[in-house]
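Enquirer: Pasting the sequence and the predicted coordinates here, then a few questions.
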Amino acid sequence: MRRHHATASIARHIVLSAGGLLMTLPFIYMVSTSFKDQAYVLSYPPQLIPEPATIANYVRVWLTQDFGRYFVNSLVVAALSTAGSVLVSAMMAYAFARFRFAGRTLLFRVLLLGLMVPAMMLIIPQFVLAKSLNLLDNLQGLIVFYIAGSLALNTFLLRAFFEGIPIELEEAMEVDGANPWQRFTRLMLPLSTPALATTTIFTFLGCWDEFAWAATSINTPTNRTLPVAIRLFQGQNATQWGLVFAASTIAIIPVIAVFFAFQRYFVQGLTTGALKG
Amino acid sequence: MYVCFIGLPMIRAAQISLFHWNVMLPQRSVFVGLGNYSKAFADPIFWQALSNSGLYMLLTVPPQIVIGLGVAMLLKRRSPAQPVYRFLFYLPVVTSWVVVSLLFKYLFADQGVINWLLTLGRADAVPISWLSGRFTAMVAICALGIWKGVGWSMMIFLAALQGVPVVLEEAAEMDGANRWQKFLVVTLPAIWPAMAFVLIMLVIGGFNVFISVLLMTGGGPAQQTEVLLTYMYNVAFGNLDFGYGSAIAMLLTVLVFILAVIQMKAFRTEQGAQ
């Protein structure tokens, strides 16, 4: 019986490792290609370890492609959008969780509808709207629409968390003379750090990776964000795969770092959506 | 603000779809009623795009559920290796669609790694030109979809599995149930809500495939791999036909909505029956 158990365990690990390898090999190969000279990127047989290895792609990406600028654009847009979105959705979530007001149910329904309608469906009317508001082809435009686009999900997640906080705590503060704003900032927000962390991470990564709206809205080269820039590298003349993947590697390092550092919150955020939704 | 940037566009989408929209001078747009919708129903490329979206959904959803659940079952027992595997399987989920789409385009290139693997040891084998035929291209696009999505369903199933009461499983074991019976009788009913959630989200997601198709084939060759969203995008921002593009978007929204409602109903009656 025990031997049977050990064999099963080994088989389990073999299957899992094979799967894990399948998941990561494309990335490893991508990083490998980013160190290859253009002559070797599609060589036959393919090289897993680049020979000769070169860092020329990284140097070229940074020096000749204005890549630093795109990196900063992405960072600024993602950071400001995240800050705005989490702040606004926290306030909305607090209102939904604690106050009765006219149209509360209706507004919440509209919000849920927003969760179901995917971003791509709205891209045409958003384009028309952005054009009339002068929000096309600039970073403000990206930020405004990223905030709007992430509000529904964030409000939904935060509301679920706020409702789980015992109302007695707030009532105690109210007796001590605290107004709603004080209760919100001194009680609810500090108690909700895990939920706030989850929404912050999800929103940040969502904005960092967003492609469709940025590609549609941005025309001026200096306003490009990373995904748009990477896509255009690929489009330029004969695809310089080494260059594309050097850029991609730089772009996904922050993502992997954030994911690695905050794994716990990912699991939490996903399951709130799944089990409470 | 939400109402302004999301709620308003929803209404605007419906509104624009009724016009022959003039991008430069919106006020000069001509009202065409349901003209854009009848145009869609008469458009062979629209039907092709719809069938491609449906095909993508059918080919990617079942594997994501089966593999995701399988991996979650294997990972269920807590061990030091669990977070490592979880991390590896979830890695493709967090990386951007742009990066992985280009990566798969490279892997499936005529002289790429996939062809090398397939022709390995066979000197006479002819490499497949994956991205230049409708069905081979769809295979490559679906492979990407599954590879990128498995980690997500795994994570949901894993969380659900950890909520299954151990007592129930032990009781089934005492009654002499084998693994398969235990899975069917105890585990599956316990994770049924998670199953419903994953299925609904994946079906919606399947119809929303966009970036991977846009970047890997651009809908080509000759619009054969066009899916609904790439077609909508090309119509709107390539031909600047906003009215027709909006009509396609509306049709897709309605379709996705109906599918979601049907699934929710189905799962609810299923649960009532149990």
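Expert: Right, received. Where do you want to start?
Enquirer: Look up which helix or strand the nearest residue to residue B:40 once chain neighbours are set aside falls in, please.
Expert: Distances taken as C-beta to C-beta, 6 or more residues apart in numbering or on different chains put residue B:46 closest to residue B:40, at 4.7 Å, once the chain neighbours are dropped. C-beta coordinates here come from the backbone N, C-alpha and C atoms, glycine included. Per DSSP states H and E, residue B:46 falls inside helix B:44-75.
Enquirer: list the helices and strands the helix or strand following that helix packs on?
Expert: Next helix or strand after helix B:44-75 toward the C-terminus (DSSP H and E): helix B:82-94. Other elements packing on helix B:82-94 under the criterion 3 or more C-beta pairs under 8 Å, 6 or more residues apart in numbering or on different chains; DSSP states H and E are helix A:2-34, helix A:241-261, helix A:263-271, helix B:44-75, helix B:134-161.
Enquirer: residue closest to the middle of the chain?
Expert: I'll assume chain A. residue A:205 (1.8 Å; C-alpha atoms, centre = their mean).
Enquirer: nope, chain B
Expert: Closest to where the C-alpha atoms of chain B average out (C-alpha atoms, centre = their mean) is residue B:206, at 2.2 Å.
Enquirer: For that residue, pull up the helix or strand it's in.
Expert: helix B:192-207.
Enquirer: avg pLDDT for that helix?
Expert: Averaging pLDDT along helix B:192-207 gives 88.
Enquirer: For the helix or strand that it is followed by, give me every contacting residue.
Expert: The helix or strand immediately downstream of helix B:192-207 is helix B:211-216, counting by DSSP H and E. For helix B:211-216, contacts defined as C-beta atoms under 8 Å, 6 or more residues apart in numbering or on different chains pick out A:211-212, A:231, A:234, B:97-98, B:100-102, B:104-105, B:108, B:131, B:137, B:140-141, B:144-145, B:219, B:225-227, B:229-230, B:233.
Enquirer: what about helix B:211-216, distance to the chain center?
Expert: Chain-centre distance of helix B:211-216: 13 Å, with C-alpha atoms, centre = their mean, to the nearest Å.
Enquirer: Off-centre distance for the helix or strand that it is followed by?
Expert: Going down the chain from helix B:211-216, the next helix or strand is helix B:228-233, by DSSP H and E. The chain centroid and the centroid of helix B:228-233 are separated by 14 Å under C-alpha atoms, centre = their mean.
Enquirer: Also stretch B:242-262?
Expert: Distance, centroid of stretch B:242-262 to centroid of chain: 15 Å (C-alpha atoms, centre = their mean).
Enquirer: So that stretch, near chain A or not?
Expert: Yes. Stretch B:242-262 comes into contact with chain A (C-beta under 8 Å from any C-beta of the partner chain), by way of B:242, B:245, B:246, B:249, B:250, B:252, B:253, B:256, B:257, B:260.
Enquirer: Could you tell me which of these are located in strands?
Expert: Secondary structure from DSSP state E places none of the residues of stretch B:242-262 next to chain A in strands.
Enquirer: is it possible to export the helices and strands packed on helix B:82-94 to JSON lines including distance to residue B:34 and mean pLDDT?
Expert: Listed next are the helices and strands packed on helix B:82-94 as JSON lines, based on distance: least, C-beta to C-beta, whole Å; pLDDT from 0 to 100:
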{"stretch": "helix A:2-34", "distance to residue B:34": "45", "mean pLDDT": "83"}
{"stretch": "helix A:241-261", "distance to residue B:34": "44", "mean pLDDT": "87"}
{"stretch": "helix A:263-271", "distance to residue B:34": "41", "mean pLDDT": "72"}
{"stretch": "helix B:44-75", "distance to residue B:34": "15", "mean pLDDT": "91"}
{"stretch": "helix B:134-161", "distance to residue B:34": "30", "mean pLDDT": "90"}
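Enquirer: how far off helix A:2-34 does the helix holding residue B:46 point, in degrees?
Expert: Interaxial angle of helix B:44-75 relative to helix A:2-34 (axes from the mean of the first three to the mean of the last three C-alpha atoms, to 10 degrees): 130 degrees.
Enquirer: how about the residues of the stretch 101-250 of chain B that lie near chain A?
Expert: B:102-107, B:109, B:111-113, B:116, B:147, B:150-152, B:155-156, B:159-160, B:163, B:193-194, B:197-198, B:204, B:208, B:210-211, B:215, B:229, B:232-233, B:236-237, B:242, B:245-246, B:249-250.
Enquirer: Filter those residues down to the buried ones and express that as a PyMOL selection.
Expert: Only the buried members of these enter the following PyMOL selection, criterion being 16 or more other C-beta atoms under 10 Å in any protein chain shown:
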select buried, chain B and resi 102+103+104+105+106+107+109+112+113+116+147+150+151+152+155+156+159+160+193+194+197+198+204+208+210+211+215+229+232+233+236+237+242+245+246+249+250
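Enquirer: list the helices and strands the helix holding residue B:46 packs on?
Expert: helix A:2-34, helix B:82-94, helix B:134-161, helix B:192-207, helix B:228-233.
Enquirer: residues touching residue A:197, list them.
Expert: The contact partners of residue A:197, by C-beta under 8 Å, 6+ apart, come to A:262, A:265.
Enquirer: Kindly provide the distance from it to residue A:268.
Expert: According to C-beta to C-beta, to the nearest Å, residue A:197 stands 9 Å off from residue A:268.
Enquirer: Equivalent analysis for residue A:24, please.
Expert: Applying C-beta to C-beta, the value for residue A:24 to residue A:268 is 24 Å.
Enquirer: Looking only at neighbour counts, state which of these two leads.
Expert: A count of neighbours by other C-beta atoms under 10 Å in any protein chain shown puts residue A:268 above the other of residue A:24 and residue A:268, at 18 against 15.
Enquirer: ok, the more buried one - contacts?
Expert: Residue A:268 neighbours (C-beta under 8 Å, 6+ apart): A:194, A:195, A:198.
Enquirer: Quick check: of the residues you listed, which lies closest to residue A:64?
Expert: residue A:198 (38.9 Å; C-beta to C-beta).
Enquirer: Next up, identify which helix or strand the closest one is on.
Expert: Assigned by DSSP H and E, residue A:198 falls in helix A:193-209.
Enquirer: Against residue A:86, how distant is the residue nearest to residue A:89 when sequence neighbours are not counted?
Expert: Leaving out its chain neighbours, the residue that sits closest to residue A:89 by C-beta to C-beta, 6+ apart is residue A:154, at 3.7 Å. Using C-beta to C-beta, residue A:154 is found at 6 Å from residue A:86.
Enquirer: Who has more neighbours out of these two?
Expert: The neighbour comparison of residue A:154 against residue A:86 (other C-beta under 10 Å) goes to residue A:154, with 26 against 23.
Enquirer: Where does pLDDT dip in the stretch 101-250 of chain A?
Expert: A:235-238 (pLDDT under 70).
Enquirer: who's in contact with the helix holding residue B:206?
Expert: Helix B:192-207 has contacts (C-beta under 8 Å, 6+ apart) with A:116, A:118, A:274-275, A:277, B:53-54, B:56-58, B:60-61, B:64-65, B:68, B:145, B:149, B:153, B:156-157, B:159-160, B:188, B:228, B:252, B:255-256, B:259-260, B:263-264, B:267, B:270-271, B:274.
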